[in-house]
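Trainee: Next come a sequence and a model predicted from it.
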Amino acid sequence: MSVMEYNGSAVVAMVGKNCVAIASDKRLGQQNLTVACDFKKIFKINNKTLIGLSGLATDVITLSERFAFKTNMYRMREEREITPKAFSHMVSSTLYEKRFGPYFVEPIIAGLDKDNKPYIASADLIGCLCEPKDFVVAGVASDALNGLCEALWEEDLGPDELFEAISQVLLSALDRDCLSGWGAVVHILTPDELITRHLKARMD
């Protein structure tokens, strides 16, 4: 088994009309053994930026704390909030620094820029960025997530329609994967607020 699959995870982000959504499962596993079903994989960077981390659980915790520290330092030095695009480059450089002994994490960044245009990006283990215009997935359930996103995502979805689409994608993918699931959380980021909803999923 790949070290990336050891703890199990599924993260997906989608672009809507002046809004963005990011969702993940809650399972923390040790291969086929479920250790917990309340493991946090999506972290708030600021009011306009979120990051989802899939991969090895210890590296998820380490990187979430490192990114929190780096963004706090950025805020103090620059006296402004970091934008999603700038944060994605911070993530990329942080991962690239450790390219010879990488963090086993695939991050997904989702946010709204200063003009409230949605932005999503993903990176591999050594920080190579991908900035799609529609959706991005990561984790052990990424094959199922990709296919379902292709089927259900549409352009210019509002917050409610985007929530419905990303929820259907994630729950359907979790039904097809034994290493992720056990509940899900969805975050919808709009210019005015961050909406967080928890979903019930199969618990077997």
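Mentor: In hand now; what should we look at?

Trainee: now the helices for the protein?
Mentor: Here the chain has its helices, by DSSP state H, at 57-78, 84-97, 142-152, 159-175.

Trainee: who touches the residue positioned nearest the centre of the chain in this structure?
Mentor: In the chain, the centroid-proximal residue (CA atoms, centre = their mean) is residue 52; its distance is 2.6 Å. Residues in contact with residue 52 (CB atoms under 8 Å, 6 or more residues apart in numbering) are 11, 13, 22, 23, 24, 41, 42, 43, 107, 108, 110, 138. The C-beta positions use only the backbone N, C-alpha and C, and glycine is treated the same way.

Trainee: switch the cut-off to 6 Å
Mentor: Residue 52 makes contact with 11, 22, 24, 41, 42, 108 under the criterion CB atoms under 6 Å, 6 or more residues apart in numbering.

Trainee: what's the closest of those to residue 121?
Mentor: Using CB to CB, the shortest approach to residue 121 within these belongs to residue 108, at 7.4 Å.

Trainee: And the nearest residue to the closest one once chain neighbours are set aside, how far from residue 166?
Mentor: Once flanking residues are discounted, residue 108 sits nearest to residue 52: 4.3 Å by CB to CB, 6 or more residues apart in numbering. As for residue 52, its distance to residue 166 is 12 Å (criterion: CB to CB, to the nearest Å).

Trainee: Redo the helices of the chain as TSV? Include mean neighbour count.
Mentor: Formatted as TSV, the helices of the chain follow (neighbours: other CB atoms under 10 Å):
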stretch	mean neighbour count
helix 57-78	15
helix 84-97	19
helix 142-152	18
helix 159-175	20
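
Trainee: just for the chain, where's the confidence low?
Mentor: For the chain, the stretches with pLDDT under 70 are 1, 204.

Trainee: List just the nearest of the contacts of residue 52 to residue 58.
Mentor: Nearest member of these to residue 58, counting by CB to CB, is residue 41, at 13.1 Å.

Trainee: burial measure for the closest one, as a count.
Mentor: 28 (other CB atoms under 10 Å).

Trainee: Across the sheet, point out what pairs with the residue nearest to it when sequence neighbours are not counted.
Mentor: Residue nearest to residue 41 in three dimensions, not counting chain neighbours: residue 24, with 4.2 Å by CB to CB, 6+ apart. Following DSSP bridges, residue 24 is listed with bridge partners residue 11, residue 185.

Trainee: Pretty sure residue 24 sits against residue 13.
Mentor: No: counting by CB atoms under 6 Å, residue 24 stays clear of residue 13, with 9.6 Å between them.

Trainee: These two: which is more packed in?
Mentor: residue 13 (32 against 27).

Trainee: Rebuild the helices of the chain as JSON lines, extending it with distance to residue 3.
Mentor: Converted to JSON lines, the helices of the chain look like this (distance: least, CB to CB, whole Å):
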{"stretch": "helix 57-78", "distance to residue 3": "9"}
{"stretch": "helix 84-97", "distance to residue 3": "15"}
{"stretch": "helix 142-152", "distance to residue 3": "16"}
{"stretch": "helix 159-175", "distance to residue 3": "21"}
